[in-house]
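**Student:** Take this sequence and fold it.
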Amino acid sequence: MIRTAALCVALFALSLPVQAQSGDVATDAPDEFAVVQGTPGFWRLARTHDGTWWFLSPDGDKEFLNTVTTVVPYQQGRRALGPHYVSRDWHGQITGSLTEGDVPGWGVRTHDRVIEAGFKGFGAWCHPVFHDPDVNSDTPITRDLNLWLWTHAGGKTRLYDADFAAVIEDAVEKQVSHLRDSTTLVGYFTDNELTWRDDRVGPAYYFDHLDPGDPNRQAVIDTIRQLWPTVEAFNADWQTSIASFDELDGWTTLPHPDPAYGTLSSAFIERVARDYFELTTRLVKKYDPNHLILGVRFKGYGPPEVVRAQKGLTDAVSINYYVEDARLDRELFVGLHEQSGGQPVMVTEYSFHALDGRSGNRNTFGFAAQVPDQQARADGYELMTKHLAAVPFIVGADWFQWNDEPPSGRTLDGEDVNFGVVDVDDHEYEILVEAVRRTTPQLNDIHAAGDATPYAQGAWRPEFSTESLVGSIPYLTTLPRIDGSLREWSDEHRVAGVRLSETIGADRMNLSTPTVFAGWHEKGLYVAVEVTDRQIQAAPPTGPWWTQDAVELFVSTSAETEGRPARGFTPSDHQFF
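**Tutor:** Okay, here's the model as predicted:
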């Protein structure tokens with residue numbers, strides 16, 4: 001799939017503030033480090049005086065960790081007859097329960113295969129047998145607790161619901177108490193890809209149609225009164241005429257005046273996030289004071305309000321990040337680091353997938369980072385992992401995942417992607433494994449060298465100028481017929497300077513630059529785009545648009561570039577598929 005879009009990103013200068021982090025600061029910190037965070041004898045985080053963050057092993061060794069997630073005996077597909085992923089080392093039954101069969105024996109054999117494949121450790125969602133010291137005595141592993149999902153299962157969807165904290169505490173106690181003395185456990189992710197949208201954690205969701213005495217509504221009203229201390233100020237911004245804040249108790253829903261509601265939404269989401277981090281951190285430390293808290297695994301982007309809310313509470317910021325060019329958005333990653341108060345960053349999911357995998361995956365779920373072939377997957381792994389290691393404040397990179405998903409889609413949600421180090425028959429993708437083995441021994445040296453390595457500057461995606469490619473769009477004296485043909489378009493309407501994204505492996509595909517024409521008329525803006533693509537994406541015709549061959553256009557109808565935000569959209573921006 002080729003996606004065509006205008007992209008505006010402003011240059012963001014890299015800086016590395018020297019600030020202490022949350023958690024315990026060790027008394028035995030070597031002189032090499034400005035900050036050491038965590039409990040001696042367990043996995044810790046440390047920052048050298050030059051600003052480079054590291055994981056520290058229980059023995060004090062510095063590590064940039066590269067791990068692989070979701071190492072399990074099997075993964076079932078939606079089609080009952082399969083094929084399913086089944087480990088060649090699993091001698092039990094596929095029952096939906098991983099308790100039947102020789103789990104420790106499978107764990108020992110598979111642990112050795114993961115290490116032989118080149119990874120330093122195990123990421124989230126790996127089978128808990130890898131916490132057994134008889135199976136794994138020294139290989140690091142992280143755990144995802146999915147705490148907010150436990151509250152949803154208990155019918156508690158809002159943070160200030162009665163018994164919300166009790167459900168969280170039950171989930172924490174059950175998942176962490178038995179791991180408090182583990183020396184292989186690195187730390188916990190409290191959640192994965194939580195939704196921080198206004199319609200799920202914003203003030204309207206916590207206010208509308210709830211009883212006046214509901215603590216969720218009261219939290220919204222408290223935030224309103226902090227932002228607008230007087231009724232007069234509130235009425236002016238909200239375009240209302242209340243005589244007292246007590247009248248808010250009679251409202252069924254919140255109005256949405258602009259920009260007042262946006263101001264409230266930003267402040268309230270930060271409040272919810274802060275209260276959530278305080279709750280989860282306190283409870284995890286109550287039952288396990290020894291291990292790191294590694295964040296909430298943001299989905300591709302960390303809202304600044306939520307990242308700020310982590311400051312002083314988590315030990316690291318974590319993000320799942322899929323891109324086809326193996327490069328990083330400078331503004332995003334520097335923002336995660338700086339807005340959190342200088343915390344280190346982990347990329348807790350990244351991967352590349354292709355249509356030529358041996359499992360028959362069609363990759364219809366809409367993930368970014370689809371590349372041409374298995375060679376590109378291997379190239380992407382090596383380049384992306386080295387780019388991550390070259391950034392001083394990034395401390396780890398977790399490949400998603402060990403196995404290809406079943407081609408009929410996993411039972412959980414239908415994901416059907418060629419993510420695996422192994423296929424559904426549990427045979428390794430040799431080119432990818434060779435890349436992991438070749439890359440891993442270089443990572444600590446790359447991380448220590450930082451800007452002195454050739455991967456440091458290449459890590460950052462080239463930033464497109466905010467200046468328009470088109471100085472002025474010519475007038476259309478004759479309207480073109482909308483018939484799929486470009487015959488009626490003249491060269492004066494051709495948009496010059498169109499740039500191709502740098503998909504790994506695209507240099508071997510002989511792709512042509514898209515042809516774009518634009519013209520205006522009293523009836524509207526006319527755009528013609530011709531894109532050729534050798535890769536046919538056989539997605540279901542009734543499926544989401546992003547799973548199919550598509551063109552995506554962003555058009556700004558404003559001539560003003562001064563003051564335009566470097567990230568995000570304005571009311572003048574329009575999106576078309």
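**Student:** Which other helices and strands does the longest helix seen in the chain contact?
**Tutor:** The residue-count maximum for a helix in the chain (DSSP state H) belongs to helix 260-287. Judged by 3 or more C-beta pairs under 8 Å, 6 or more residues apart in numbering; DSSP states H and E, the packing partners of helix 260-287 are helix 164-176, helix 198-201, helix 215-227, helix 231-238, strand 292-293, helix 304-309. Every residue, glycine included, has its C-beta placed from N, CA and C.
**Student:** Flag every buried residue along the second one.
**Tutor:** Right, helix 198-201. Neighbour counts over helix 198-201 (16 or more other C-beta atoms under 10 Å) mark 198, 201 as buried.
**Student:** Centre of the chain to it, how far?
**Tutor:** 18 Å (C-alpha atoms, centre = their mean, to the nearest Å).
**Student:** got it, and stretch 412-423?
**Tutor:** The answer for stretch 412-423 is 17 Å, by C-alpha atoms, centre = their mean.
**Student:** Next: stretch 68-76.
**Tutor:** 20 Å.
**Student:** What strand or helix carries residue 114?
**Tutor:** helix 103-116 (DSSP states H and E).
**Student:** which of the helices and strands packed on helix 260-287 sits most buried?
**Tutor:** Of all the helices and strands packed on helix 260-287, strand 292-293 carries the top mean neighbour count, a mean of 25, counting by mean count of other C-beta atoms under 10 Å.
**Student:** Give the partner strands of that one in its sheet and their orientations.
**Tutor:** strand 185-189 (parallel) (DSSP bridges).
**Student:** picking that back up, list the buried ones in the longest helix of the chain?
**Tutor:** 260-261, 264-274, 276-277, 279-281, 283-285, 287.
**Student:** Give me the below-cutoff pLDDT ranges for the stretch 451-577 of the chain.
**Tutor:** 464-471, 533-541, 543-548, 561, 563-568 (pLDDT under 70).
**Student:** Now do the helices in it.
**Tutor:** Counting by DSSP state H, counting those that start in this stretch, one finds helices in the stretch 451-577 of the chain at the ranges 455-458.
**Student:** can you map out the strands along it?
**Tutor:** Here the stretch 451-577 of the chain has its strands, by DSSP state E, counting those that start in this stretch, at 515-521, 524-530, 553-556, 573-576.
**Student:** Nearest to residue 542 among those would be which one?
**Tutor:** strand 573-576 (20.4 Å; C-beta to C-beta).
**Student:** So which residues make contact with the closest one?
**Tutor:** 552, 553, 554, 555, 556, 557 (C-beta atoms under 8 Å, 6 or more residues apart in numbering).
**Student:** Taking those residues, please make a ChimeraX selection of just the buried ones.
**Tutor:** To isolate the buried members of those in ChimeraX, using 16+ other C-beta under 10 Å:
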select :556
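**Student:** Next, format the contacts of strand 573-576 as CSV and append distance to residue 345.
**Tutor:** Formatted as CSV, the contacts of strand 573-576 follow (distance: C-beta to C-beta, whole Å):
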residue, distance to residue 345
552, 28
553, 32
554, 28
555, 33
556, 31
557, 36
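**Student:** Now the two most distant members of the contacts of strand 573-576.
**Tutor:** 552 and 557 (17.2 Å).
**Student:** you'd agree residue 146 is up against residue 191?
**Tutor:** Yes - using C-beta atoms under 8 Å, residue 146 is in contact with residue 191, at 5.9 Å.
**Student:** what's the first-to-last distance across stretch 482-492?
**Tutor:** Taking C-alpha to C-alpha, to the nearest Å, stretch 482-492 runs 19 Å from one end to the other.
**Student:** next one: stretch 520-529
**Tutor:** 15 Å.
**Student:** what comes up buried for that stretch?
**Tutor:** Buried residues in stretch 520-529 (16+ other C-beta under 10 Å): 526, 527, 528.
**Student:** repeat for stretch 312-319
**Tutor:** For stretch 312-319, burial by neighbour count (16+ other C-beta under 10 Å) applies to 312, 313, 314, 315, 316, 317, 318, 319.
**Student:** now these in a markdown table, with pLDDT, secondary structure and distance to residue 110?
**Tutor:** Formatted as a markdown table, the buried residues of stretch 312-319 follow (pLDDT from 0 to 100; DSSP: H, G, I helix; E, B strand; the rest coil; distance: C-beta to C-beta, whole Å):
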| residue | pLDDT | secondary structure | distance to residue 110 |
| --- | --- | --- | --- |
| 312 | 97 | coil | 38 |
| 313 | 98 | coil | 35 |
| 314 | 98 | coil | 30 |
| 315 | 98 | coil | 29 |
| 316 | 98 | coil | 27 |
| 317 | 98 | strand | 30 |
| 318 | 98 | strand | 24 |
| 319 | 98 | strand | 27 |
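**Student:** Those: which two are farthest apart?
**Tutor:** So for the buried residues of stretch 312-319, where distance means C-beta to C-beta, the most widely separated pair is 312 and 319, at 19.1 Å.
**Student:** Which other helices and strands does the one helix or strand in the chain whose mean pLDDT sits lowest contact?
**Tutor:** Between all helices and strands in the chain, the lowest mean by mean pLDDT, DSSP states H and E belongs to strand 553-556, at a mean of 82. Contact here means 3+ C-beta pairs under 8 Å, 6+ apart; on that basis strand 553-556 packs against strand 524-530, strand 573-576.
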